[in-house]
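Participant: Sequence plus the predicted model coming up.
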There are 2 protein chains.
Amino acid sequence: MANAVVSQSGGPTGVINASLVGVIEEACKHKEIDNLYGGVHAVAGIVKEHFVDLKKISLETLEKVADSPSSALGSSRDKPDEAYCQRILDVFKKRDIRYFYYIGGNDSANTCYIVNSMAEKAGYDLRAFHVPKTVDNDLLVTDHCPGFGTAGKFVACALMGDDLDNRALPGVKIDVIMGRHAGFLTGAAALAKQRQDDGPHLIYIPERPVSMDKFLGDIEAMYKKHGRCVIAVSEGICDDDHVTWAEKLAETAERDAHGNVQLSGTGALADFLAGQIKGKLKIKRVRADTFGYLQRSFAGLQSETDVVEARECGRLAVLYSMKADNGSVAMKRTGNGAKYGVEYFRTDLCNVAEKTKAVPDEYINADGNGMTDAFIEYAKPLVGTLPETEFLGNYPTV
Amino acid sequence: MANAVVSQSGGPTGVINASLVGVIEEACKHKEIDNLYGGVHAVAGIVKEHFVDLKKISLETLEKVADSPSSALGSSRDKPDEAYCQRILDVFKKRDIRYFYYIGGNDSANTCYIVNSMAEKAGYDLRAFHVPKTVDNDLLVTDHCPGFGTAGKFVACALMGDDLDNRALPGVKIDVIMGRHAGFLTGAAALAKQRQDDGPHLIYIPERPVSMDKFLGDIEAMYKKHGRCVIAVSEGICDDDHVTWAEKLAETAERDAHGNVQLSGTGALADFLAGQIKGKLKIKRVRADTFGYLQRSFAGLQSETDVVEARECGRLAVLYSMKADNGSVAMKRTGNGAKYGVEYFRTDLCNVAEKTKAVPDEYINADGNGMTDAFIEYAKPLVGTLPETEFLGNYPTV
């Protein structure tokens, strides 16, 4: 018997707590695991031995945790170097922690990988497992990531309503959506389209750099066609020189510990783009919203697919750790549409750590300003059911 | 037998379509009403005789309409003067329209009032009825307005999730919420609080001007106490000279037809406030989101109380129009908590037209930076059920 620790790292999602509860429920079934510590605020809390006894949490509370957005154990943006990882390992040794479950993105997989490698070198038997989590959906190996479906549902519902709002009071509307390097979440805006002329009429993702001229030309054409235009834009949208507009805007931009420019939590990009459209296209009613943290943390909204898969990923991390030394939980899709399903499997940490996936070419239209049917087929089952809406303003006149 | 027209005006809401369907279903029961025209894009469409035959819409479609956010007949920001109203009246005469149902805010009530007065002077028998709608909840006479509960539910769910996000990654978070003059919707953020130390820790509404010094002092104190601070701010927040911060910011601000400064659809106010906090309080992690149009048009989210009441208000406008010359539908609360309920009644248009209600003093705390229990009691039944959430990071350490 030995002890285990589970933590949550990076940006919260709507189902990262379902993964946590998956870890807890499975860990409770294995006599190999004695204490199950919840490491508060990720690695930052682990090195300070800030641990919660997760076996003492009631089932009723756990079910509430599974339904709650954000990271119930707190999170951290710390990116541990080797010295930091040594401190983690020291705590593990002191507490006889032999199982480490870390729920997060590719940086978290890397932390798992470093700590596991160091343990191996030190001859300390440690099972380090990564549970995938990211609204960006940019992890390698797995078909998709827990967290994406729920954020995608938020984005689709937001665009669906926003498009109806734009029908009621026509103009140009820009919605800036999370995604520095990968455009999956912004792409999910395409799921809002139910009718031929529904918005979003244009979608820009970081995988397809776009010049301001092309951007404005696209909008002008759509505005001419529909008398209005709804646009979904990734926060990581690039100029055709591959430099992000946000970077160009923000000379003094705040950078996080990973060296990324701070794009969320400010409306500057949206306001800049709206200003360009107002100024250069002379369109009067131009509005811009930045979805910000709502898209990852809105309470009471989960994709029914996502929450089940997230929990299963947590559960399987524990199951796999009984047999293997390290790993990340991944999903393989077994069918689409009504036959949607996944098989879960273990992959080595080194296959996931630090690597990122971009939106594949076949999911992006030839113009680089929209998503293909193949993307819709990919993303639709992940976000789960969406509302059906109606608009009467286009009905025949009498 | 004569014809009727129904239209939707001003900013969309999540339940304005439920009111529309209420009008349609009731109008279909009365043999006094022959054709039921849907006036597309409010008064702007009425003067162009842009009408949809609402009796031809299937029941199945109508139920989808009732569930859809935004204004299914389109909207307009036109504020008709007497000449404009004369054109409306001319169309009414031409089409033998004797019943006019107008779903909107106090400006819409005023349009109803003017058209009705002009008809009376001209000896034209017209029944003009206003169906209340506004996310701002600022209409007189009625206890509350359809549209507020659903927007309030969005705001509460957003703050609930955002507060958990802020617990996971602590710092200062500002959320800018709709409301130029009335702080009801921003006040609904208070419903997100489930635990003693939950955010929002501070709430600022237009009814309580606040100097930048007091604003920053409040935040510094909360940040010291909780190690973080979540703040809900009305877009109409005023400096202590009663000039809005938005107005001060925006020398070149766009104004709508009603002379209001354009506050929604830009992140400028949020970014300005975040900049003040970063610069003057030297707090590093400061984020700001502007909820924008999502709070009035998010698809798939309705307060169960609000949607029922909105439909009933539409239905009763038709019923009242069978007996009275003009009116606005209003609600009187008959109980609170588990005994929550309303009685509906007719009030004269002149009691509602152009007038606005502010948040009463007893709903605002003494410091002017939060809501009282009396406000919670008032607002809670209107937003309907809210999710329950959990956070484990504060549990005892082991």
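Facilitator: Looks like it came in fine.
Participant: What helix or strand is A:Ala156 located in?
Facilitator: A:Ala156 belongs to helix A:148-168 when assigned by DSSP states H and E.
Participant: so what's the closest residue to A:Thr389 other than its chain neighbours up against?
Facilitator: Distances taken as Cβ to Cβ, 6 or more residues apart in numbering or on different chains put B:Ser68 closest to A:Thr389, at 4.0 Å, once the chain neighbours are dropped. C-betas here are computed from N, CA, C, even on glycine. Applying Cβ atoms under 8 Å, 6 or more residues apart in numbering or on different chains to B:Ser68 gives the contacts A:Leu164, A:Pro387, A:Thr389, A:Glu390, A:Phe391, B:Asn17, B:Ala299.
Participant: Next step: those residues restricted to helices.
Facilitator: A:Leu164, B:Asn17 (DSSP state H).
Participant: Who wins on neighbours among the contacts of B:Ser68?
Facilitator: With neighbours defined as other Cβ atoms under 10 Å in any protein chain shown, the most crowded of these is B:Asn17; it has 33 neighbours.
Participant: Assess the claim that that one and B:Gly74 are in contact.
Facilitator: No. Counting by Cβ atoms under 8 Å, B:Asn17 sits too far from B:Gly74 to count as a contact (11.5 Å).
Participant: can you list residues touching both of the two?
Facilitator: Residues within reach of B:Asn17 and of B:Gly74 at once, by Cβ under 8 Å, 6+ apart, are B:Gln8.
Participant: Chain B contacts on the stretch 151-300 of chain A?
Facilitator: A:157-158, A:160-162, A:164-165, A:167-169, A:173, A:192, A:264-268, A:270-271, A:274, A:286-294, A:296-300 (Cβ under 8 Å from any Cβ of the partner chain).
Participant: just for chain A, where's the confidence low?
Facilitator: Low-confidence segments of chain A, defined by pLDDT under 70: A:251-265.
Participant: Try it again at 90.
Facilitator: For chain A, residues meeting the criterion pLDDT under 90 lie at A:246-268, A:271-272, A:275.
Participant: Residue of the stretch 201-350 of chain A nearest chain B, please.
Facilitator: When distances are taken as Cβ to the nearest Cβ, the stretch 201-350 of chain A approaches chain B most closely through A:Gly267, which lies 1.4 Å from it.
Participant: Quick check: that residue touching B:Phe272?
Facilitator: No. The pair A:Gly267 / B:Phe272 is not scored as a contact, 10.1 Å apart, by Cβ under 8 Å.
Participant: Just the CA trace of the one helix or strand A:Val5 maps to, in PDB.
Facilitator: Of the helices and strands defined by DSSP H and E, A:Val5 is found in strand A:2-8. Once side chains and other backbone atoms are set aside, the C-alpha atoms of strand A:2-8 remain, and they are given as PDB (Å, rounded to 0.1, in the frame of the first residue of the first chain):
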ATOM      1  CA  ALA A   2       1.100   3.500  -0.800                       C
ATOM      2  CA  ASN A   3      -0.300   7.000  -1.200                       C
ATOM      3  CA  ALA A   4      -1.600   8.800  -4.200                       C
ATOM      4  CA  VAL A   5      -2.000  12.500  -5.200                       C
ATOM      5  CA  VAL A   6      -4.300  14.000  -7.800                       C
ATOM      6  CA  SER A   7      -4.100  17.600  -8.900                       C
ATOM      7  CA  GLN A   8      -5.600  19.900 -11.600                       C
END
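Participant: Now do that strand: which elements does it pack against?
Facilitator: Contact analysis of strand A:2-8 by 3 or more Cβ pairs under 8 Å, 6 or more residues apart in numbering or on different chains; DSSP states H and E lists helix A:16-27, strand A:33-39, helix A:42-46, strand A:97-104 as its packing neighbours.
Participant: can you point me to the longest strand in chain A?
Facilitator: When secondary structure is assigned using DSSP state E, the longest strand within chain A turns out to be strand A:326-335.
Participant: Enumerate every residue touching A:Ile24.
Facilitator: When contacts are counted by Cβ under 8 Å, 6+ apart, A:Ile24 touches A:Val6, A:Leu36, A:Leu54, A:Lys55, A:Ile57, A:Leu62, A:Gly314.
Participant: partner residues bridging the second one?
Facilitator: Meaning A:Leu36. Each beta-bridge partner of A:Leu36 is listed here: A:Ala4, as defined by DSSP bridges.
Participant: sec struct for A:Thr356, please.
Facilitator: Applying DSSP: H, G, I helix; E, B strand; the rest coil to A:Thr356 yields a three-state assignment of coil.
Participant: Could you check how many residues crowd around the nearest residue to it once chain neighbours are set aside?
Facilitator: Once its chain neighbours are removed from consideration, A:Thr356 has its nearest residue in A:Asp138; the separation is 4.6 Å (Cβ to Cβ, 6+ apart). For A:Asp138, the neighbour count with other Cβ under 10 Å is 22.
Participant: my guess is A:Phe291 meets B:Leu294, correct?
Facilitator: Yes. Here A:Phe291 lies in contact with B:Leu294, judged by Cβ under 8 Å, at a distance of 7.2 Å.
Participant: Can you pull the residues that touch both of the two?
Facilitator: Shared contacts of A:Phe291 and B:Leu294 (Cβ under 8 Å, 6+ apart): A:Ala158.
Participant: Show me what the host helix or strand of A:Lys280 is packed up against.
Facilitator: Using DSSP H and E, A:Lys280 sits within helix A:268-281. Applying 3+ Cβ pairs under 8 Å, 6+ apart, we find helix A:268-281 packed against strand A:172-177, helix A:212-226, strand A:229-234, helix A:245-249, strand A:286-290, helix B:268-281.
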